[in-house]
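Enquirer: below: sequence and its predicted model.
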Amino acid sequence: MRAVAYCRYSTDNQTENSIMYQISAAEDFCRRNNLELVDVYSDEAKTGTNTNRDGLQRLLADCKTNKFGAVVIYDQSRLSRSVTDWFSLRETLSHANIRLYSCCESLSEDILDSSAFMSEGVHAIFNQVHVLETRKKSIAGVTTKAKRGEFCGGTPPLGYDVVEGQYVINEMEASGIRLLFRMYVDGYSYQQIMDKLEEGGYRTKRGNKIGTNAIYYLLINERYTGVFTWNRYQYKQMRKRIGKRDNPNYVRIENAVPAIITRETWERAMKRMQSNKRATNKAKREYLLSGLIECGYCGSTYTGFASKNRSSGEETYYYMCGNKNRLKTCHAKNVRADQIESAVYYILKDELLNKQLIERTADVIMNIREQSPDSSTEIKKQIAEKKQGVNNLLKAVERGLNTDAAFPRIDDLQTEIKALEARLAHCQPDGTIDRKKLIKKLKADAARIDDDFMQRRAVIREYVNKIIITDDGIEVQCIGDYDITGGATQI
Ligand SMILES: [Zn+2]
């Protein structure tokens, strides 16, 4: 039978046999067992605690070809040092109808054989225990070193050098660290700090410009206060990725390294960072025109949404057709929120300043008076009735009433409701309206458009029934049947 050998050697374990040694053992084994060795797969400097190894992956891929019928390994630990991986690899080979031989252990042909399972399982467990023990020793070693304030490997952080295994302050770099913390605590932006560091000729350990990302990591590095931390988070378990988690073997020792900044400075920096985080989470944008914009193609209402640029994190705000958003049945273009909002604002403001809209609104309000009783309770009653009418029509549409018939009627009702509400707001307690006083009041209302967001929103809602958008432009429908066509607005 044709066989291939699989060999693995990890450089961090000095007691392991070399690849050459493993190959010659496999050659011997094949000679003695009547196997023809046709190829060797190997992984050098690779851990046996995961299966993420090129040689192993190639071997597994080739199992699907008819190139060989057996795999020879030196011992179980070469294939895997993880119990779960061992049995899963064993199963994969068995399903591919490939025999697995070990030079040092006798592996059963039948993986369902109970005594074979027991003996392989014991070996697999010992191999994994070996990994765990080695790991424990190395953590203990680092902790002892850390307790003495000694360097534990990697690159020392900016601001420090390592001299004879001990952290010492690099004065040039440390002055940059102090500058950075001072500026941050004083409220400067990352950009301003970055420029200042560049100006001062400060560089990272690798000689690169200190960017905003680096600034963030320098700021959160507690080591600058003299605290030694090591292994704060765990990213891998048995060298398999597990995401970011708190490490149970986290080492934290106060006054272990010379401090570059005071604890107070560091805490103030962290406080600013926390409040910045809260501010960005809270700053939700309000949409000035929400509920007012109607799609010129499908009649659906536009809703606001924010789109975040992945690299810069900057947000751009849009309004989008509701049908397009939910059902993807409409292809109306999204409109930039800032553009449509300022367009509507200027259109409305222009009209209000020209007094046309105010006169017209006054007419509508006065006109309603002709057809309706005067008392405010009566007006309220009518508003409630008309709102009910709108709801009934919407329900009828849901049940299948033709929208062409329903929507114009709904529009009419909403216009009447707006006018009644305006009238309610402007009439005297006895229900009478003085046209001059009314116009004065409307002008005062109109001036509120520049007060603040809430006032602007209220004024727009008072005068605007709806805004219809097509790709060609916008149409602002105001109180009464008064339309302002915005034409092409370059949105
Ligand atoms: Zn639409």
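Expert: The structure has been received and is ready for your questions. Numbers count the residues shown, from 1 in each chain.
Enquirer: which residues touch stretch 188-204?
Expert: Stretch 188-204 is contacted from outside by 158, 173, 175-176, 179-180, 183-184, 209-212, 214-216, using CB atoms under 8 Å, 6 or more residues apart in numbering. All C-beta atoms are positioned from the backbone trio N, CA, C, and that covers glycine.
Enquirer: where does the stretch 301-450 of the chain have low pLDDT?
Expert: 353, 368-374, 401-405, 427-432 (pLDDT under 70).
Enquirer: isn't there a helix covering residue 8?
Expert: No - if the criterion is DSSP: H, G, I helix; E, B strand; the rest coil, then residue 8 is strand and not within a helix.
Enquirer: correct me, but it touches residue 45?
Expert: No - at 9.4 Å, residue 8 does not count as touching residue 45 under the criterion of CB atoms under 8 Å.
Enquirer: up against the ion, what does the stretch 301-450 of the chain have?
Expert: Proximity of the stretch 301-450 of the chain to the ion is confined to 321, 323, 330, 332 under the rule CB under 5 Å from the ion.
Enquirer: just the buried residues out of the contacts of stretch 188-204, in ChimeraX syntax.
Expert: A single ChimeraX command selects the buried members of those (16 or more other CB atoms under 10 Å):
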select :158,173,176,180,183,184,210,214,215
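Enquirer: among the contacts of stretch 188-204, find the lowest-pLDDT one for me.
Expert: On pLDDT alone, residue 212 ranks lowest of the contacts of stretch 188-204, at 75.
Enquirer: so who does it touch?
Expert: Neighbours of residue 212 in contact, by CB under 8 Å, 6+ apart: 190, 191, 194.
Enquirer: how about 6 Å then?
Expert: Shown in contact with residue 212 (CB atoms under 6 Å, 6 or more residues apart in numbering): 190, 194.
Enquirer: what about it, distance to the ion?
Expert: If you measure residue 212 against the ion using CB to the ion, to the nearest Å, the figure is 40 Å.
Enquirer: again with residue 468
Expert: Distance from residue 468 to the ion, by CB to the ion: 11 Å.
Enquirer: what do you get for residue 448?
Expert: Where the ion is concerned, residue 448 sits at a distance of 32 Å (CB to the ion).
Enquirer: just confirm that residue is within a strand.
Expert: No - going by three-state DSSP, the assignment for residue 448 is helix, not a strand.
Enquirer: based on its surroundings, how many neighbours for it?
Expert: Residues contacting residue 448 under the criterion other CB atoms under 10 Å number 14.
Enquirer: next: residue 96.
Expert: Count around residue 96 with other CB under 10 Å applied: 14.
Enquirer: now do the contacts for it.
Expert: residue 63.
Enquirer: confidence score at it?
Expert: pLDDT, residue 96: 91.
Enquirer: give me the phi and psi for it.
Expert: phi -80, psi 0 (degrees, to the nearest 10).
Enquirer: so which of the contacts of stretch 188-204 comes closest to the ion?
Expert: Nearest to the ion among the contacts of stretch 188-204, counting by CB to the ion, is residue 212 at 39.9 Å.
Enquirer: grab the nearest non-local neighbour of residue 296.
Expert: Spatially, and ignoring its direct neighbours in sequence, residue 296 is nearest to residue 470 (3.4 Å; CB to CB, 6 or more residues apart in numbering).
Enquirer: angles on the backbone of the one you found, please.
Expert: Torsion angles, degrees, to the nearest 10, at residue 470: phi -130, psi 180.
Enquirer: list the buried residues for the one helix or strand residue 194 maps to?
Expert: Assigned by DSSP states H and E, residue 194 belongs to helix 190-199. In terms of neighbour count (16+ other CB under 10 Å), helix 190-199 has its buried residues at 190, 193, 194, 197.
Enquirer: circling back: just checking, the residue nearest to residue 296 touches residue 294?
Expert: No - with contact defined as CB atoms under 6 Å, residue 470 does not count as touching residue 294 (10.2 Å).
Enquirer: out of the two, which sits in the more crowded spot?
Expert: The residue with more neighbours, out of residue 470 and residue 294, is residue 294; 22 against 12, by other CB under 10 Å.
Enquirer: three-state assignment of that one?
Expert: Going by three-state DSSP: residue 294 is strand.
Enquirer: against the ion, how distant is it?
Expert: Taking CB to the ion, one finds residue 294 at 9 Å from the ion.
Enquirer: is it true that that residue touches residue 466?
Expert: Yes - if you go by CB under 6 Å, residue 294 and residue 466 touch, sitting 5.1 Å apart.
Enquirer: joint contacts of the two?
Expert: Common neighbours of residue 294 and residue 466 (CB under 6 Å, 6+ apart) do not exist.
Enquirer: compare residue 8 and residue 45 (neighbour count), which wins?
Expert: Ranked by neighbour count (other CB under 10 Å), residue 8 and residue 45 place residue 8 first, with 25 against 10.
Enquirer: tell me the contacts of the more buried one?
Expert: 43, 46, 78.
Enquirer: partner residues bridging it?
Expert: residue 43 (DSSP bridges).
Enquirer: measure it to the ion for me?
Expert: Residue 8 is 61 Å from the ion, by CB to the ion.
Enquirer: partner residues bridging residue 315?
Expert: With DSSP bridges as the rule, residue 315 is bridged to residue 308.
Enquirer: ok, it - how many residues close by?
Expert: Using other CB under 10 Å: residue 315 sits among 13 other residues.
Enquirer: beyond the helix holding residue 194, next helix or strand please.
Expert: Per DSSP H and E, the helix or strand that comes after helix 190-199 is helix 212-219.
Enquirer: angle of that following helix against helix 190-199?
Expert: Orientation check (axes from the mean of the first three to the mean of the last three CA atoms, to 10 degrees): helix 212-219 against helix 190-199 gives 90 degrees.
Enquirer: relative to the whole chain's centre, how far out is stretch 259-268?
Expert: Centre-to-centre, stretch 259-268 and its host chain are 30 Å apart (CA atoms, centre = their mean, to the nearest Å).
Enquirer: buried set for that stretch?
Expert: Those would be 259, 260, 261, 265, 266, for stretch 259-268 by 16+ other CB under 10 Å.
Enquirer: just the strands in the stretch 51-200 of the chain please.
Expert: With DSSP state E, counting those that start in this stretch as the criterion, the stretch 51-200 of the chain has strands at 70-73, 99-102, 160-163, 166-169.
Enquirer: save the ones you listed as a markdown table, and put in distance to residue 57, mean neighbour count and mean pLDDT too.
Expert: Formatted as a markdown table, those follow (distance: least, CB to CB, whole Å; neighbours: other CB atoms under 10 Å; pLDDT from 0 to 100):
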| stretch | distance to residue 57 | mean neighbour count | mean pLDDT |
| --- | --- | --- | --- |
| strand 70-73 | 14 | 24 | 96 |
| strand 99-102 | 17 | 19 | 94 |
| strand 160-163 | 38 | 16 | 87 |
| strand 166-169 | 41 | 16 | 86 |
